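Novice: sequence plus the predicted model coming up.
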Amino acid sequence: MSQSFNYRHLYYFWVVAKEGGMARAAERLDMAVQTISAQVRELEKSLGVSLLRAEGRNLMLTEAGVAALHEADHIFALGEQLPQRVREAASGPTLRLNLGISDGIAKLAVHRLLTPVLDEPHLRLLCHEGEFQPLLGELALHKLHAVLADRPAPPNPALRTTSQLLGTSAIGWYAPPLWAQAARHAFPRSLAVVPVLLPTEHAALRARIDHWLERERIRPRIAGEFEDSALLSTFAATGMGVMPAPETLGAHLEQTHGLVPVGTTPEVHEQFHLIYSARKVMHPLLTRLLEAGADGTLWNPDPTRCPV
């Protein structure tokens, strides 16, 4: 394979772009500014375009420089993974699956969503929990194979991502024994009387719940808001209040947290999306998940089944 440029020159350019200037790049690399500048000029010469332009005392990326930086991000992100991949290959066969788990998704659902791949004998599953947008950035840099989220990826041609809906579930409301009778009485109006625990506004479900409450003209008695769904169910179990959750997880909440169903809101649904980068060669385990989501076998509609 022919190569029209030197990867070392590309690395020097990448550091300059990341550091925001020649001087800071030279300091990071412990090299002379003149040497760094010469290496970047060699890269520009080999590519036949200018990657940087001077604006006063600052260096700015040209359009070509922005494109080069984007590709360099991918190249060096993959390079960072090389040592670990080589060590894994030497230690025996493994099938690595790096997944981002959006902090807005119901954690109890993650195990069920991943059921089609958990029987892979050589699976090495790495789950990274985080906020939605940063996880999409990690996906764009190929640090993740896919992201599980409660919403599809927003349109962005630069990210080149695809979203598939794996399943949905109507939302039910669950209460500890302390509040169960009061919550059932005149539900859903009772949500204005009993203490209510909700996900914070970072979760897509919160907007759907708020819209439903507004439509029903209910002002809930909010006692707590939680970013983490596992923390939400833990506080509900202690008796702090009534919580919403996917109906398909209701049996699990009752068995593990002692929470009982007090009402349903079939108009409100939790969604589960798999977001991945479109590639000619798909990860075999992602293909398995997508096929399970497409044929409806992934999300068992029977609410009596426990996800674990």
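Specialist: That came through fine.
Novice: what about the helices in the stretch 101-250 of the chain?
Specialist: Ranges of helices within the stretch 101-250 of the chain are 107-113, 132-140, 177-184, 204-215, 229-237, 250-257, based on DSSP state H, counting those that start in this stretch.
Novice: and the second one, what does it pack onto?
Specialist: Meaning helix 132-140. On a contact count with 3 or more CB pairs under 8 Å, 6 or more residues apart in numbering; DSSP states H and E, helix 132-140 meets strand 95-102, strand 123-130, strand 146-149, strand 161-175, strand 260-277. The C-beta positions use only the backbone N, C-alpha and C, and glycine is treated the same way.
Novice: out of the ones you listed, flag the one nearest residue 253.
Specialist: Checking the helices and strands packed on helix 132-140 against residue 253 by CB to CB gives strand 161-175 as the closest, at 5.3 Å.
Novice: which positions in the closest one come out as buried?
Specialist: Residues 161, 164, 166-167, 169-175 are the ones in strand 161-175 that count as buried (16 or more other CB atoms under 10 Å).
Novice: listing partners with orientation, what would you give for it?
Specialist: strand 243-246 (antiparallel), strand 260-277 (antiparallel) (DSSP bridges).
Novice: one step back: deepest-packed of the helices and strands packed on helix 132-140, please.
Specialist: The highest average neighbour count among those, using mean count of other CB atoms under 10 Å, belongs to strand 146-149 at a mean of 24.
Novice: where does the stretch 101-250 of the chain have low pLDDT?
Specialist: 157-159 (pLDDT under 70).
Novice: if you set the cut-off to 50 instead, what comes out?
Specialist: Under the criterion pLDDT under 50, no range of the stretch 101-250 of the chain is flagged.
Novice: and the strands paired with strand 161-175 as a markdown table, adding distance to residue 101?
Specialist: Listed next are these as a markdown table, based on distance: least, CB to CB, whole Å:
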| stretch | distance to residue 101 |
| --- | --- |
| strand 243-246 | 16 |
| strand 260-277 | 11 |
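Novice: wait, which of those is closest to residue 130?
Specialist: Nearest of the strands paired with strand 161-175 (CB to CB): strand 260-277, 13.1 Å.
Novice: and the closest one, average pLDDT?
Specialist: Per-residue pLDDT values across strand 260-277 average out to 93.
Novice: contacts for the next helix-or-strand element following it next, please.
Specialist: As assigned by DSSP states H and E, the chain's next helix or strand after strand 260-277 is helix 284-295. Applying CB atoms under 8 Å, 6 or more residues apart in numbering, the contact partners of helix 284-295 are 95, 97, 113-117, 120, 123, 145-146, 164-167, 274, 276, 298-299.
Novice: got a list of what the nearest residue to residue 226 once chain neighbours are set aside touches?
Specialist: Leaving out its chain neighbours, the residue that sits closest to residue 226 by CB to CB, 6 or more residues apart in numbering is residue 232, at 4.0 Å. When the contact criterion is CB under 8 Å, 6+ apart, the partners of residue 232 are 197-199, 224, 226, 243.
Novice: quick one: buried ones out of those?
Specialist: 197-199, 224, 226, 243.
Novice: and which of these is nearest residue 206?
Specialist: For these, the nearest to residue 206 is residue 199 (4.9 Å; CB to CB).
Novice: so what's the residue count around the nearest residue to that closest one once chain neighbours are set aside?
Specialist: In space, and not counting its chain neighbours, residue 199 is closest to residue 206: 4.9 Å by CB to CB, 6+ apart. Applying other CB atoms under 10 Å, we find 17 residues neighbouring residue 206.
Novice: excluding residues flanking it in the chain, which one is nearest residue 207?
Specialist: Counting by CB to CB, 6+ apart, residue 201 is the residue found nearest to residue 207 once chain neighbours are left out, at 7.2 Å.
Novice: now that neighbour: phi and psi?
Specialist: When read as degrees, to the nearest 10, the backbone of residue 201 gives phi -70, psi -10.
Novice: quick check: the closest residue to residue 283 other than its chain neighbours vs residue 191, distance?
Specialist: What sits nearest to residue 283 in space, not counting adjacent residues and going by CB to CB, 6+ apart, is residue 145, at 5.1 Å. Going from residue 145 to residue 191 by CB to CB, to the nearest Å gives 39 Å.
Novice: please apply the same query to residue 228.
Specialist: Relative to residue 191, residue 228 is positioned 22 Å away (CB to CB).
Novice: between the two, which is the more surrounded one?
Specialist: Neighbours were counted for residue 228 and for residue 191 using other CB under 10 Å; residue 191 has more, 26 against 15.
Novice: dump the residue contacts of the more buried one.
Specialist: Applying CB under 8 Å, 6+ apart, we find residue 191 in contact with 173, 183, 213, 218, 220-221, 242.
Novice: and if we set it to 10 Å?
Specialist: Residue 191 makes contact with 173, 183, 209, 213, 216, 218-222, 241-242, 244, 262-263, 265, according to CB atoms under 10 Å, 6 or more residues apart in numbering.
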